[in-house]
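Asks: Next comes the sequence, and after it the predicted model I'd like to discuss.
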Amino acid sequence: MKWREPAQLGRLFALMAEQIVTRRPFKLSNDLRPHEPIPRTHYSTIVALSILTLLSVWSVLSYGGIVQPSYFLPSPTQVLSAAARMISDGSLAENSWASVSVIVTGWAVAALLAVPFGILMGSFKFFEALFEPVVDFIRYLPVSAMIPLLILYIGLGIEEKIAVIFIGTFFQLILLVADVAAHVPKDLLDSAYTLGSSRLRVVARVLIPATLPGVMDNLRITIGWAWTYLIVAELVAAEKGLGIMILESQRGLRTDKIFVGLVTIGVLGFMSDMIFKILHRVVLPWSPRAQ
Amino acid sequence: MLSNHNSQPKLRIADLTMKFRSRRGADVTAVDNLSLDVYDREFISIVGPSGCGKSTLLRVVAGLIEPSAGNVYLDGKQIDGPSADRGMVFQTYTLFPWLTVHGNVEFGTRINAKPSAERAKIARDYIEMVGLKGFEGHYPKELSGGMMQRVAIARALANDPEVLLMDEPFGALDAQTRIIMQELLVNLWQRTPKTILFVTHDIDEAIFLSERVYIMTARPGRIKQVLDVDLPRPRSLDLITSPTFIAMKRTVLASIKEEGLKAINVMSGE
């Protein structure tokens, strides 16, 4: 009987999908062709299954008492009630705000400087030769290794964390933006020249607008990276923030609070991604990448 | 130098040579001592095998690259860099994606500081002329390849250049769209003649559109042969199947094939 099991599993899937898919009999193999689309209903079913599986594994492991000691893995209800407590006493909002404000400040300063630098570096061989060797070297230095130096230079305050975010994103962003600028089609610039544009105008009216969709994408990507650097910075020294909240919860064996912290970071990251995607569509409606 | 205005060419390419230095340090001659005159309101095509330097030649005329030797004169004045008097339409799609169709067509007149009412009128006229009325507010990403090239032509013409340079403008389009575009261009030119220098490797296209066809040799590019196309105007696509047209095509084809073979032999000989 054992050899039949896969077929039975297939029928179970078929049962779930049959209400939505018509005519063609369901075959799991049809959903496994490389690069081929699958029916939307199948897709959402698989998404739901994926999330359900994760939740049920978590439930079985925690409620079933399989993971011992039990504080290693809090149950979903424990995490939810911890979240409720942290929301009502305001600590979650306070810590989130502390982290978000540091990230946005450090990242915004980095973006403000890196975008013009990157455009210069990607567009002019002169500036590429001038900046690239330095930038290329520094970006390979791990930010975490620079934290001791930063603490010596600027202490343990909020400035140190902003500096960590800045260093972590600035050099990467320069190179990403430079790459975007370098890939602006030359014919686009040449068209502007043959329409009578001066060199300055070509840069201001053609080259810079042409980089905007790529710049926007890279701003979105680097603000995501900023979270990694922030947690590293907060783990060293901080009064408030999601990183330090997680660290303190570990000292008290409060894994439920650690889970809340992790999920919060995930949600905030997801939200910033969404904000950038919406912004892309609103600010650059002409961009082929605006969905 | 040339005092007789009537005999002065609109565009004069004189003893032009283009050399490139490869990474290995060897000089490659792309265009060799080429001279060519284009008179006012003429439609001239240049055909030649791939790599014969015809696109390079057009870029030199546009002022986008400097020649290694020789000069280009517009109305007897030596050109120095790109300028609005030599408009260009490229093979690649070069519309500015952040501007609408109207914004793209207005780009040149805006730069050359025309009053806004006049600008808008010019843009409207040219958009209508290329058959895109109703698409003024569309962004390039919403247009097909053929529509984008029509806008590119309108954008170049709206700037009222002395000479229009066209570098295989229909090369990226499918066969059906290309025929429609050729007819559109021939109609535009018959209504309001411009001095046009057109580069292509499509022999039908060159003969159908032009007054004269210059055939280039394989690298290094020189003028191999000149063909006067004395077909009557207005021209329509029926012409392509006429005996005179086919006879001309045969001449060009034989000439190009010879050069194509030479190019292949040079490559395999290396």
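Replies: Yep, that arrived.
Asks: The residue nearest to A:Ala237 when sequence neighbours are not counted: what secondary structure?
Replies: Nearest non-adjacent residue to A:Ala237, counting by C-beta to C-beta, 6 or more residues apart in numbering or on different chains: A:Leu156, 4.2 Å away. Quick note: C-beta positions are derived from backbone N, CA and C, even for glycine. Classification of A:Leu156 using DSSP: H, G, I helix; E, B strand; the rest coil returns coil.
Asks: Helix or strand: which one has residue 103?
Replies: Reading this off chain A. Per DSSP states H and E, A:Ile103 falls inside helix A:91-123.
Asks: that answer is for a different chain, and I need it for chain B
Replies: helix B:101-111.
Asks: how about that helix, does it get close to chain A?
Replies: Yes - Helix B:101-111 is in contact with chain A by C-beta under 8 Å from any C-beta of the partner chain, via B:107-108, B:111.
Asks: in the stretch 101-250 of chain A, what spans have low per-residue confidence?
Replies: Judged by pLDDT under 70, the stretch 101-250 of chain A has no weakly predicted residues.
Asks: and it, which of its residues are near chain B?
Replies: A:185, A:187-188, A:190-197, A:201, A:206, A:209-210, A:212.
Asks: rerun that using 10 Å as the cut-off
Replies: Proximity of the stretch 101-250 of chain A to chain B (C-beta under 10 Å from any C-beta of the partner chain) is limited to residues A:185-199, A:201-202, A:205-206, A:209-210, A:212-213.
Asks: Pull the CA coordinates from stretch B:53-73 and hand them back as PDB.
Replies: Once non-C-alpha atoms are left out, stretch B:53-73 reads as follows in PDB (Å, rounded to 0.1, in the frame of the first residue of the first chain):
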ATOM      1  CA  GLY B  53      31.300  52.400 -40.800                       C
ATOM      2  CA  LYS B  54      28.000  53.900 -42.000                       C
ATOM      3  CA  SER B  55      26.700  54.500 -38.500                       C
ATOM      4  CA  THR B  56      30.000  55.900 -37.500                       C
ATOM      5  CA  LEU B  57      29.800  58.300 -40.400                       C
ATOM      6  CA  LEU B  58      26.400  59.500 -39.300                       C
ATOM      7  CA  ARG B  59      27.600  60.100 -35.700                       C
ATOM      8  CA  VAL B  60      30.500  62.200 -37.100                       C
ATOM      9  CA  VAL B  61      28.100  64.300 -39.100                       C
ATOM     10  CA  ALA B  62      25.900  64.700 -36.000                       C
ATOM     11  CA  GLY B  63      29.000  65.900 -34.100                       C
ATOM     12  CA  LEU B  64      28.800  63.200 -31.600                       C
ATOM     13  CA  ILE B  65      32.300  61.800 -32.400                       C
ATOM     14  CA  GLU B  66      35.200  63.700 -33.800                       C
ATOM     15  CA  PRO B  67      36.800  62.500 -37.100                       C
ATOM     16  CA  SER B  68      40.400  61.400 -37.200                       C
ATOM     17  CA  ALA B  69      40.800  63.400 -40.300                       C
ATOM     18  CA  GLY B  70      38.700  65.500 -42.700                       C
ATOM     19  CA  ASN B  71      35.800  67.800 -42.000                       C
ATOM     20  CA  VAL B  72      32.000  68.100 -42.200                       C
ATOM     21  CA  TYR B  73      30.500  71.400 -43.400                       C
END
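Asks: Which residues are in contact with the most centrally placed residue in chain A?
Replies: Taking C-alpha atoms, centre = their mean, the centroid of chain A lies closest to A:Gly224, which sits 3.4 Å from it. Residues near A:Gly224 by C-beta atoms under 10 Å, 6 or more residues apart in numbering or on different chains: A:107, A:169, A:269-270, A:272-273, A:276.
Asks: which one is the residue of chain A found nearest chain B nearest to, not counting chain neighbours?
Replies: Closest to chain B within chain A is A:Gly196: 3.0 Å, counting by C-beta to the nearest C-beta. In space, A:Gly196 comes closest to B:Ala84 once its chain neighbours are excluded; the distance is 3.0 Å by C-beta to C-beta, 6+ apart.
Asks: hmm, back to that, and the next element down the chain from the helix holding B:Gly103?
Replies: Next along from helix B:101-111, by DSSP H and E: helix B:116-129.
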